[in-house]
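Trainee: need coordinates for the below:
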Amino acid sequence: MSRPEDTLPPDLFYNDSESRKYTTSSRIQNVQVEMTERALELLGQKSPSLILDIGCGSGLSGEILSSIPPSLGGPHIWIGMDISASMLDIALQRDVEGDLLLSDIGQGVPFRAGTFDAAISISAIQWLCNAESSDTSPQGRLSRFFGGLYASLRRGGRAVCQFYPKNEAQRSMVSAAAIRAGFGAGLLEDGAGTKNAKVYLVLSVGGGAIEEVVEGMEGVDVEGRRGNGVERKRGEDVGRKGGRQWILKKKEQMERKGKVVKRDSKFSGRKRRVQF
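Mentor: As a prediction, this is how the structure comes out:
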């Protein structure tokens, strides 16, 4: 059975018919409630917060954010962003309490720095792992998303992104992009080894190591943080301009911006002989 993200881009896949079907399915509603409550548990917000709902769809997760009782730290104020106009139209019809934004998260998170206390995302970021045109790449889309998300969260803020990686390589690509953006990151998998397995990416913005954030959470694998060798430190030598290391660094920067670059070869940066 093919995955939705392998068939069409999300704004085309979630048309009026598919969006209505998704929203009215009792099975999907139950799964959405379960995953949203799990994400909130991992966030650990102790007081009413301003939360960004990434890939908010028709507002199923947002309704839960709005209904958290004061005894559990709520209710929360939320802003939702989604690429599907049909999904957001249904959210408006359902009169959800959050504000809604039509936006492609693969182009970034367009909010002022430090706006949000926290963020959640349910079943959305795996869509970023597919290149939708020849002039972009999954790495570029992930880089823009996590870079924008990092900037939009206050220092000490957290984010929890539930997603369905296709394989181990995709899982590593997502967590590596988050770490390059500056996050401390941990991965938690509920139901590991079953067809109902759900992966949660737990992210922190400064204000303490990721180990402190996930302390007491069973089954969390700490992925790392920026500055532990994942990316080059400022001022590190990348070789002479035009040399192999310089070229490889430039290609890496272009790839992060979503550009398509030629594959590396053993001849990159090698000086050519004079032709007669």
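Trainee: from here on, contacts and neighbour counts on C-alpha atoms
Mentor: OK.
Trainee: now the helices for the stretch 1-150 of the chain?
Mentor: 10-13, 16-24, 26-43, 60-67, 85-93, 138-152 (DSSP state H, counting those that start in this stretch).
Trainee: please point out which parts of stretch 162-169 sit buried.
Mentor: Using 16 or more other C-alpha atoms under 10 Å as the test for burial, stretch 162-169 gives 162-165.
Trainee: now do the end-to-end distance for it.
Mentor: End-to-end span of stretch 162-169 (C-alpha to C-alpha, to the nearest Å): 17 Å.
Trainee: before we move on, the earlier item: out of the buried residues of stretch 162-169, which sit inside strands?
Mentor: Among the buried residues of stretch 162-169, the members falling in strands (DSSP state E) are 162-163.
Trainee: closest to residue 205 out of the buried residues of stretch 162-169?
Mentor: The shortest gap between residue 205 and any of these belongs to residue 162, at 17.6 Å (C-alpha to C-alpha).
Trainee: how much space separates the residue nearest to the closest one when sequence neighbours are not counted from residue 179?
Mentor: With sequence-adjacent residues excluded and distances taken as C-alpha to C-alpha, 6 or more residues apart in numbering, residue 162 is closest to residue 200, at 4.3 Å. Separation of residue 200 from residue 179 (C-alpha to C-alpha): 15 Å.
Trainee: identify the residues contacting the helix or strand encompassing residue 203?
Mentor: According to DSSP states H and E, residue 203 maps onto strand 198-204. Outside of strand 198-204, the residues within contact range by C-alpha atoms under 8 Å, 6 or more residues apart in numbering are 39, 42-43, 156-165, 175, 178, 183-192, 210, 213-214.
Trainee: stretch 146-160 now?
Mentor: 39-40, 42-43, 108-121, 177-178, 181-183, 200-208.
Trainee: re earlier: then the strand holding residue 203 to CSV, C-alphas only?
Mentor: The C-alpha coordinates for strand 198-204 follow below in CSV (Å, rounded to 0.1, in the frame of the first residue of the first chain):
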residue,chain,number,x,y,z
LYS,A,198,4.8,6.2,16.1
VAL,A,199,8.0,8.2,16.1
TYR,A,200,8.2,11.5,18.1
LEU,A,201,11.0,14.0,17.6
VAL,A,202,11.5,15.9,20.9
LEU,A,203,13.3,19.3,20.4
SER,A,204,14.7,21.9,22.8
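Trainee: begin at 451 from now on, thanks
Mentor: Happy to do that; since the first residue is 451 now, the last one works out to strand 648-654.
Trainee: adjacent strands (with direction) for that strand?
Mentor: Here strand 648-654 has these sheet partners by DSSP bridges: strand 603-613 (antiparallel), strand 634-640 (antiparallel).
Trainee: pLDDT on the helix or strand following the longest one, on average?
Mentor: Beyond strand 603-613 on the C-terminal side, the first helix or strand identified by DSSP H and E is helix 618-630. Per-residue pLDDT values across helix 618-630 average out to 94.
Trainee: so which elements touch helix 618-630?
Mentor: In this structure, helix 618-630 makes packing contacts with helix 588-602, strand 634-640, strand 670-674, judged by 3 or more C-alpha pairs under 8 Å, 6 or more residues apart in numbering; DSSP states H and E.
Trainee: next, the angle from the first one to helix 618-630.
Mentor: For helix 588-602 against helix 618-630, the angle between stretch directions is 40 degrees (axes from the mean of the first three to the mean of the last three C-alpha atoms, to 10 degrees).
Trainee: average model confidence for helix 588-602?
Mentor: Here the average pLDDT along helix 588-602 is 95.
Trainee: how far away is the residue nearest to residue 515 when sequence neighbours are not counted from residue 539?
Mentor: Closest residue to residue 515 apart from its sequence neighbours, by C-alpha to C-alpha, 6+ apart: residue 526 at 5.4 Å. Computed with C-alpha to C-alpha, the distance linking residue 526 and residue 539 is 22 Å.
Trainee: next: residue 458.
Mentor: 20 Å.
Trainee: then residue 524?
Mentor: Here residue 524 is placed at a distance of 26 Å from residue 539 (C-alpha to C-alpha).
Trainee: where does pLDDT dip in the stretch 601-726 of the chain?
Mentor: Within the stretch 601-726 of the chain, the segments meeting pLDDT under 70 span 657-691, 706-708, 716-726.
Trainee: good, wrapping up.
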